[in-house]
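*Asks:* quick one: sequence plus predicted model below, questions after.
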Amino acid sequence: MIQHFPVLAIMTLFLASFLVVLFGSRNKIVRGIITMVASTIPLVLMICLIKPIMIEGQVISYWLGNWEPVNGWAIGIGIEVDALSLFFALIVTLTVFLSAFYSLKYMSRDDTLEKYYVLFLMLSGAVLGLVLTGDLFNLFIMIEILTFAAVALTAFRNNEDGPLEAAFKYLVVGSIGSSLTLTGVILLYSQLHTLNMAQISAMLQNGQNSTTVFAFALLLTGFSIKAFIVPVHPVAADAYTAAPTSASMALAGMVNKTGVYGIIRLLYIIFMTMGLSSVQNLIVTIGTVTMFLGVTMALNQHDFKRLLAFHSISQIGYVITAIGLGTALGLTGGLYHAMNHTLFKGMLFLCAGAVLYSAGTTNLDRLGGLAKKMPQTCAIFLIGAFSISGIPPFNGFVSKWLIYQATYERASQTGNFGFALVTVIAVVVSVMTLASFIKVSQSVFFGELPAEFSNVKEAPVSMRIPMWIMAILCILTGVLPAQVYQYLIRPAVNAVLSPVKYINVMMGNGYAEKFLSKVQAAPDKSVALAGYWQPESWLLLFVIVLAAVTVAALLGKKDRGVSSSSAEVTDGKYATFYSGEKNEFSRVGGSDLFWGLKYNLRHYFGFIGNIHSGVVNDYALWAVMIFAVYIVFAFIFLL
Amino acid sequence: MLHLKNNLTENDTIVRNAGGFFLPFALMFGFYVIMHGNLSPGGGFQGGVCVAGAVILLFLGYGYDTLVKAIHPEFIRKNEAVGATAYVVIALMGILFGANFCRNVFFRNGQVGDLFSAGTIGYMNYAVGYKVLTGVGFLLILLFGTLNTGNGEEDDSQDSAESKGGEAE
Amino acid sequence: MMLLNYICCVFLIVLGLYTVIVKKNILKIVIGLGIIDYGVNILIISIGYNPGGTAPIFTPGEIKPGTFFVDPIPQALTLTSIVIGACVTAMALSIVIKIYKKYGTLDSTKIRRLNG
């Protein structure tokens, strides 16, 4: 019975989306019930699968229509769930559940809502189908459904002009990526006459000819466009800004993880090329450029959600860098950071949504002082900001520490100085992330409250519950890293580094040994997790410091004079500095912070601001450029 | 088609009469291609698109307002979900009967070459054909609606997006 | 003879990519996306061809098990790919209609309000 669970989870989401079309047009309660039931069932099914797959180490192999392999050739569509797939499936189903719960109240001000839920459920079903399948063409179909649903969700509020433009750019670049992926799949089929990932991975060990190398470049381009790494990232910034926030959280939390999953499957299991140092150098270089470019673009932004989108691009750069190292410690850090990124980035997007719902704008130059009116949102935002910057005891610290350790250890293993440089850049990017979030929290939550926002209320309860759930999960995964590693991360890393088991379960025992000249055993798993660090003492220290700061701030408040609680923001914000007028309050926030850094490096910031030009032809040109780089690389180093 | 003749907005006699004459043949050909999916090239998708082509014949001959009165778009849109749900439910029958998903469980009757010899897959074929004909027909009605001067559908991009996404799945 | 098919497919894909990168009218960009899809479809069909094979349909009396026929899997893949190409074109055209109503222009260098 347990082998039917993956298919049932996927089909529940698709069936629910069709039922919402039938029954959900007029009745809001029916629509809400169908959505919540359909979001809970896959989560429950995936949690039931933790015990057989993660703890006992089984792999579920399921052939649609009972078409078993004949004479060693796979003739049916197979679904194979191993620990890596289940890890990503857990992230996906949790995001779907929380996003559906948040959207019940958040989207209640829009109309034609049944179309939103149809598209959202179809997006969820496609992402879940992508991570659970074992067949390459099925993967391509799920990528296509995913692209349609994401484009339509981006264009949902089509009475404004931003979403339409963002949807068009996403459609053009996404469609180019899908076509290139399909070409790669077809070229692999023409050489090997099978579409099953396990059989392809076994047969590719016989040696590669120029067609399969070209297919490698095509597939890697397709998955890079899905994961939104440099240089195809500007589409992501537009799409995450323009989508409604609960869909934006789903896009930033689930959809770019599918690109990461695709890259892991491609490099580690299908082509098994991670042993080559040239591939490692390429992936680490791309990841490093992504993380640095993401965070420096984020310093330029004036819009809350666009800033969060650029930070999301930067964190995916971390994950790609860690995966590209090829060691067990690097994979651990990468997968842990992928899970943490969904949790804290989803939470930050939900806070941005709550601010938009209550205050009506996300412009950093106009907001201010919302902490008095929305205290719980402010607390959740601060937890998210500390997590993303990597401050102990939150979960960002654990995964970033693992990544620093992994890159530095790799530098000492190979003697390549470049990896140590990657560690330094990673730490610098972390500091700049913290700087950027100090800017956002000062602009949005602290400071003085402008007069136009004086009757802003706290976010409704049903919107706060998903945020608190994610905050508690952030704290838990930060304080208990050993348990998380043992139950979730370690089986996934084992599954990635041992493709022999993947092949044997799918195609029958002994199949892999016929093709692989040497059967690699899974490496030893004694990873000393972050050494001597004790998370509980860091949590205690954090609580003590927070209490001390609060007491000091409250004591000092009595001494300040009467300050107006809501001041008029006129254009004379700087007038008190040069005209001698007495002004109670001069609002500092938004673009005023870090202006010195931006002025001193104005050539660099101006340059990267100008090349994100907004023209769709430029974005398509960059996609073709990265395709050309991959082709040249593949033919020089892999043939 | 008597009530259609009273609501004409176009004045072109040749197009109107030719469209009316060829409509039954177009529909019959489309349904033939759907039903013979297991015996000849064709099947659900191709036949569905042929039947939806009949919508174009009606539009060319009689104009957009008559088309909307003859084929109610909201009804067609709900039927697309009926076709999709039928496909998923028939595929889930395999699990109820003890085998895997999409298993051919109704295949006991018929010889090779008969019309009803495809078992479960035959019924899924009909479900796909029904879904495609309603889906593509609805899409064509939407796109024709934007051709008129005046108001088009306000949210046609979501309608077309969800119908096309459902079809691709 | 199959070499002509492969040359045609590569030519169509490159032409489609050129159209998407260079042309400024967004309708031409949508046409370029369609051209890329057609090129990929020709590639899929050409791969499945076995010289001298017949159609892979079981009809009684004409085909026995053991007859040499062309590969049926790429034909199913092509069908799916044509459906997807039609869907992408439909969705892109509806977005273009809404963009024209909002922005009043079809020039891609003027549709750039989200930048920087």
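*Replies:* Arrived safely, thanks for sending.
*Asks:* of all of the stretch 251-400 of chain A, which residue lies closest to chain C?
*Replies:* A:Asn300 (6.7 Å; Cβ to the nearest Cβ). C-beta here means a position set from N, CA and C on the backbone, and glycine is covered the same way.
*Asks:* so, low pLDDT: which residues of the stretch 501-639 of chain A?
*Replies:* By pLDDT under 70, the low-scoring segments of the stretch 501-639 of chain A are A:509-534, A:556-577, A:580-590.
*Asks:* which residues in it form helices?
*Replies:* Along the stretch 501-639 of chain A, counting by DSSP state H, counting those that start in this stretch, helices occupy A:511-515, A:535-557, A:575-578, A:595-600, A:602-611, A:616-637.
*Asks:* so what touches the longest one?
*Replies:* Right, the one you point to is helix A:535-557. Residues outside helix A:535-557 that contact it (Cβ atoms under 8 Å, 6 or more residues apart in numbering or on different chains) are A:392-393, A:398, A:478-481.
*Asks:* now do 7 Å
*Replies:* The contact list for helix A:535-557 (Cβ atoms under 7 Å, 6 or more residues apart in numbering or on different chains) reads A:392-393, A:478-479, A:481.
*Asks:* pull out the buried positions in it.
*Replies:* Buried residues in helix A:535-557, counted by 16 or more other Cβ atoms under 10 Å in any protein chain shown: A:535, A:538-539.
*Asks:* of the residues you listed, which is the nearest to B:Phe22?
*Replies:* Within the buried residues of helix A:535-557, distances to B:Phe22 taken as Cβ to Cβ reach their minimum at A:Pro535, with 75.6 Å.
*Asks:* could you report the pLDDT at the spatially most central residue of chain C?
*Replies:* Compute the mean C-alpha point of chain C, and by Cα atoms, centre = their mean the closest residue is C:Asp37, 1.8 Å away. On pLDDT, C:Asp37 comes in at 94.
*Asks:* host element of it?
*Replies:* Using DSSP states H and E, C:Asp37 sits within helix C:26-47.
*Asks:* for that helix, name the packing helices and strands.
*Replies:* Other helices and strands packing on helix C:26-47, by 3 or more Cβ pairs under 7 Å, 6 or more residues apart in numbering or on different chains; DSSP states H and E, are helix A:161-192, helix C:2-22, helix C:73-103.
*Asks:* show residues contacting it.
*Replies:* Contact with helix C:26-47 is made by A:168, A:172, A:175, A:179, A:182-183, A:186, A:189-190, A:616, C:2, C:5-6, C:8-9, C:12-13, C:15-17, C:19-20, C:23, C:74, C:77-78, C:81-82, C:85, C:88-89, C:92-93, C:96, C:106, C:108, as judged by Cβ under 7 Å, 6+ apart.
*Asks:* drop anything exposed from these.
*Replies:* Buried subset of these (neighbour count, 16+ other Cβ under 10 Å): A:168, A:172, A:175, A:179, A:182-183, A:186, A:189-190, A:616, C:9, C:12-13, C:16-17, C:19-20, C:74, C:77-78, C:81-82, C:85, C:88-89, C:92, C:96, C:106, C:108.
*Asks:* coming back round to it: export the helix holding C:Asp37 to CSV, keeping only CA atoms.
*Replies:* The C-alpha atoms that make up helix C:26-47 are tabulated as CSV, following Å, rounded to 0.1, in the frame of the first residue of the first chain:
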residue,chain,number,x,y,z
ILE,C,26,6.7,41.4,-29.2
LEU,C,27,4.5,39.6,-31.7
LYS,C,28,7.6,38.6,-33.7
ILE,C,29,9.1,37.3,-30.5
VAL,C,30,6.1,35.1,-30.0
ILE,C,31,6.4,33.8,-33.5
GLY,C,32,10.1,33.1,-32.8
LEU,C,33,9.1,30.9,-29.8
GLY,C,34,6.9,29.0,-32.1
ILE,C,35,9.6,28.5,-34.7
ILE,C,36,11.9,27.0,-32.0
ASP,C,37,9.1,24.5,-31.1
TYR,C,38,8.7,23.5,-34.7
GLY,C,39,12.4,22.8,-35.1
VAL,C,40,12.4,20.6,-32.0
ASN,C,41,9.4,18.7,-33.4
ILE,C,42,11.1,17.9,-36.7
LEU,C,43,14.1,16.7,-34.7
ILE,C,44,12.0,14.3,-32.6
ILE,C,45,10.2,12.8,-35.7
SER,C,46,13.5,12.4,-37.6
ILE,C,47,15.1,10.4,-34.8
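*Asks:* report the buried residues of it.
*Replies:* Using 16+ other Cβ under 10 Å as the burial criterion, the residues of helix C:26-47 that qualify are C:26, C:29-47.
*Asks:* run the chain-centre distance for that helix.
*Replies:* Put simply, helix C:26-47 sits 3 Å off its chain's centre (Cα atoms, centre = their mean, to the nearest Å).
*Asks:* is it true that A:Phe394 touches A:Phe386?
*Replies:* Yes. With contact defined as Cβ atoms under 7 Å, A:Phe394 counts as touching A:Phe386 (5.1 Å).
*Asks:* which one's more surrounded, the two?
*Replies:* Per other Cβ atoms under 10 Å in any protein chain shown, whichever of A:Phe394 and A:Phe386 has more neighbours is A:Phe394, with 28 against 22.
*Asks:* pLDDT at the more buried one, what is it?
*Replies:* Note on A:Phe394: pLDDT of 86.
*Asks:* torsion angles phi and psi at it?
*Replies:* Here the main-chain torsion angles of A:Phe394 (degrees, to the nearest 10) amount to phi -90, psi 170.
*Asks:* in stretch A:208-222, what's buried?
*Replies:* Within stretch A:208-222, the residues that qualify as buried are A:208, A:212-222, counting by 16+ other Cβ under 10 Å.
*Asks:* is that stretch anywhere near chain C?
*Replies:* No. Judged by Cβ under 7 Å from any Cβ of the partner chain, stretch A:208-222 and chain C are separated, with a smallest distance of 10.6 Å.
*Asks:* report the distance from that stretch to the chain centre.
*Replies:* Distance of stretch A:208-222 from the chain centroid (Cα atoms, centre = their mean) equals 26 Å.
*Asks:* which residues touch that stretch?
*Replies:* Stretch A:208-222 has contacts (Cβ under 7 Å, 6+ apart) with A:177-178, A:180-181, A:183-184, A:187-188, A:190-191, A:204, A:266, A:271, A:626-627, A:630-631, A:634-635, A:638-639.
*Asks:* ok, 6 Å please
*Replies:* A:177, A:180-181, A:183-184, A:187-188, A:191, A:266, A:271, A:627, A:630-631, A:634, A:638-639 (Cβ atoms under 6 Å, 6 or more residues apart in numbering or on different chains).
*Asks:* just the buried ones among the contacts of helix A:535-557, please.
*Replies:* In those, burial by neighbour count holds for A:392-393, A:478-479, A:481, counting by 16+ other Cβ under 10 Å.
*Asks:* stretch A:123-143 near chain B anywhere?
*Replies:* No. Using Cβ under 6 Å from any Cβ of the partner chain, stretch A:123-143 stays clear of chain B, coming no nearer than 7.4 Å.
*Asks:* circling back to that earlier point, among the buried ones among the contacts of helix A:535-557, which are in helices?
*Replies:* Judged by DSSP state H, helices contain the following of the buried ones among the contacts of helix A:535-557: A:478-479, A:481.
*Asks:* just checking, A:Leu356 touches A:Leu370?
*Replies:* No. Using Cβ atoms under 6 Å, A:Leu356 makes no contact with A:Leu370, being 11.5 Å away.
*Asks:* count the neighbours of the residue of the stretch 251-400 of chain A closest to chain C for me.
*Replies:* The number of residues packed near A:Asn300 is 17, by other Cβ under 10 Å.
*Asks:* which secondary element of chain A has the worst mean pLDDT?
*Replies:* When each helix and strand of chain A is scored by mean pLDDT, DSSP states H and E, strand A:566-567 comes last, with a mean of 48.
*Asks:* leaving out chain neighbours, which residue sits closest to A:Pro69?
*Replies:* Using Cβ to Cβ, 6 or more residues apart in numbering or on different chains and skipping the chain neighbours, the partner closest in space to A:Pro69 is A:Met507 (5.7 Å).
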